[in-house]
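Q: Return atomic coordinates for the entry below.
(2 chains)
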Amino acid sequence: MLARFRGFAQAGATLMSNIHLPNFFRGEIYRGAGKAVCVPGLNCYSCPGAAASCPIGALQATIGSSHFRFAYYITGILILFGVLLGRFICGFLCPFGWFQELAHKLPTKKLSTRRLKPLRYAKYAVLLALVLLLPALLTNDLGMGSPYFCKYLCPQGVLEGALPLALANSGIRAALGSLFSLKLAVLLAVIIASVVFFRPFCKWICPLGALYALFNKVSLLRLQVDPLRCVSCGRCAKVCKMDVDVTTAPNHSECIRCGMCIGACPNEAIRFRYGFGAKGVDATRQCDETSI
Amino acid sequence: MVVEKKACTQAILLAAGGLSIVLGILRGEMAEVLAKAIKICLECVGIG
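A: Residues are numbered from 1 along each chain as shown, chains lettered A, B, ... in the order given. Purely as a prediction, here's the structure:
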C-alpha cells in the first residue's frame, strides 16, 4: 500500500525540502533558522528553495571548520535518521533519488546492474575519503578544510544550487568557471547513467546512502518475509532494481524499501514492519526450510 | 533472544544519537551548521 504512493511521497518530500519557492525567482537562498537542522535526503542547502541543511554538506562543514574535528550534532542526527528509517529515506524521501528515477523513466533500453555489484563499495570509499577524512586532514593555514564531496563530486549542488541561482542571478552566472564545468559534467554523466541504469548514483557514489546502508540491519523500519506464505518463486528478487534478494536478506544494506518486492509477491508474504526488534532474518531462514 | 538483542541495540543507538545531538549543540556545532547553510556554498555551486 505504502509503495503505491511512493512517487507522491518522493514529490512531496522534494517539495517540503525546498519549500521556499519564491527564492527561485529572486535568485537567493533562504537564510532562516530552519537551516540549523537537516533534511534526511541529499538536498543542497544552496538550493534557493532549501528549507534546511544538507546532512552531507553540514557534516563536511563541521568537520572542516577550524573549531571542530568531529561533528557530534550531525552524526547524532544521522544516527537517528538511520535507526528510525534506514534506507527508506533513499526510497521515499531523497530528492536526488527521485530525480534519478524520473530520468530512468525515459523510454530507452535499460541495463541491469547485477554484474556491477562490486561498485557498491565505492560509495563507502567516497564517504570515508571525501566526506570524513579529507575535510579534516587537508586544511589550510587557518585550519579549515574544503567540503571535497560537495566541491568535486556532488551533482545535486549544480542541479539544485548552481543552475537555478545562475538563471536568476547574473552575479552568480558571471562567477561560474571551470569548477562549475567539471561539476556540470558530473551531473550530465549521472543523468545519462540514470537513464539506462536504476539509480546509479545511489548504488555507487552517494555517501549519504552509504551511511544509511550501515543502519539498514538495525533500523526500526524493516521488511519481513512470512515463511508460511513464501513459496520461493523468486519474483521478488527478479523485480528488485537494487539487485537484492529479499528472501535471503530482507534487510540488506542496498534495500531502499521501495516496496517493489511487496507488490510482486503473489502470496503477500513480504510486508513492512516497524518497531523495536521486529523479526526479519529469522523468518527468512524458516522460509527457506519450508520451501525445501 | 535475537529479537531482544536487536531491540537493545536499537535503543542504545537511539540514545547515543540523542546524546550526540545534545553534545554537538552544547559545543556550538548547530551554530556552525547554520552559519554555513545561510550563505551560498561556493564549492557546492562550483565557484569556490
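Q: Using the three-state scheme, assign the residue nearest the centre of chain B.
A: For chain B, B:I21 is the residue whose C-alpha lies nearest the centre (CA atoms, centre = their mean; 5.8 Å). The local conformation at B:I21, judged by DSSP: H, G, I helix; E, B strand; the rest coil, is helix.
Q: So which residues on the stretch 1-150 of chain A come close to chain B?
A: When proximity is defined by CB under 8 Å from any CB of the partner chain, the stretch 1-150 of chain A lies next to chain B at A:29-33, A:35-36, A:38, A:44-46, A:50, A:52-53, A:57-58, A:61-62, A:65, A:67-68, A:71-80, A:82-84, A:146-147, A:150. The way it works is simple: take the backbone N, C-alpha and C, and place the C-beta from them, glycine included.
Q: Can you tell me which of those are buried?
A: A:29-30, A:35-36, A:38, A:44-46, A:50, A:52-53, A:57-58, A:61-62, A:65, A:68, A:71-80, A:82-84, A:146-147, A:150 (16 or more other CB atoms under 10 Å in any protein chain shown).
Q: hang on, the earlier thing: quick one: the residue nearest to the centre of chain B and A:F81 touch, right?
A: No. Here B:I21 lies out of contact with A:F81, judged by CB atoms under 8 Å, at a distance of 11.2 Å.
Q: just to revisit the earlier point, tell me the phi and psi of the nearest residue to the residue nearest to the centre of chain B once chain neighbours are set aside?
A: In this structure, B:I21 finds its nearest non-sequential neighbour in A:G76, 3.5 Å apart by CB to CB, 6 or more residues apart in numbering or on different chains. Torsion angles at A:G76 (phi, psi; degrees, to the nearest 10) stand at phi -60, psi -40.
Q: Kindly report the same for B:R27.
A: Dihedral angles of B:R27 (phi, psi; degrees, to the nearest 10) stand at phi -80, psi -10.
Q: separation between it and chain A?
A: B:R27 is 6 Å from chain A, where distance means CB to the nearest CB, to the nearest Å.
Q: pretty sure that residue contacts A:A71?
A: No. Taking contacts as CB under 8 Å, B:R27 lies outside contact range of A:A71: 9.7 Å.
Q: contacting residues for the closest residue to chain B within the stretch 1-150 of chain A?
A: At 2.6 Å from chain B, A:Y73 is the closest residue in the stretch 1-150 of chain A, using CB to the nearest CB. Contact analysis of A:Y73 by CB atoms under 8 Å, 6 or more residues apart in numbering or on different chains lists A:T62, B:S20, B:I21, B:L23, B:G24, B:I25, B:R27, B:E29, B:M30, B:V33.
Q: chain center to stretch A:154-163: distance?
A: 15 Å (CA atoms, centre = their mean, to the nearest Å).
Q: measure that stretch end to end?
A: End-to-end span of stretch A:154-163 (CA to CA, to the nearest Å): 14 Å.
Q: What pLDDT is listed against the residue nearest to B:I21?
A: pLDDT, the model's per-residue confidence, is 98 for A:G76.
Q: unless I'm mixing things up, it is touching B:A15, no?
A: No. In this structure, A:G76 is not within contact of B:A15 by CB under 8 Å, at 10.3 Å.
Q: would A:Q224 count as being in a strand?
A: Yes. According to three-state DSSP, A:Q224 belongs to a strand.
Q: Correct me if wrong: B:A16 contacts A:I79.
A: Yes. Between B:A16 and A:I79 there is a contact under CB under 8 Å: 6.3 Å.
Q: Give me the common contacts of those two.
A: Common neighbours of B:A16 and A:I79 (CB under 8 Å, 6+ apart) do not exist.
Q: In helices, which of the buried ones among the residues of the stretch 1-150 of chain A next to chain B appear?
A: Under the assignment DSSP state H, those contribute A:57-58, A:61-62, A:72-80, A:82-84 to helices.
Q: Nearest to chain A: which residue in chain B?
A: B:G24 (2.6 Å).
Q: what about the chain, any weak spots by pLDDT?
A: Because you didn't say which chain, this covers chain A. Counting by pLDDT under 70, the ranges of chain A that qualify are A:1, A:278-292.
Q: Chain B is the one I meant
A: Checking chain B against pLDDT under 70 turns up B:1.
Q: which residues does A:K35 contact?
A: A:Y45, A:A50, A:A52, A:S53, B:V33, B:L34, B:A37, B:I38.
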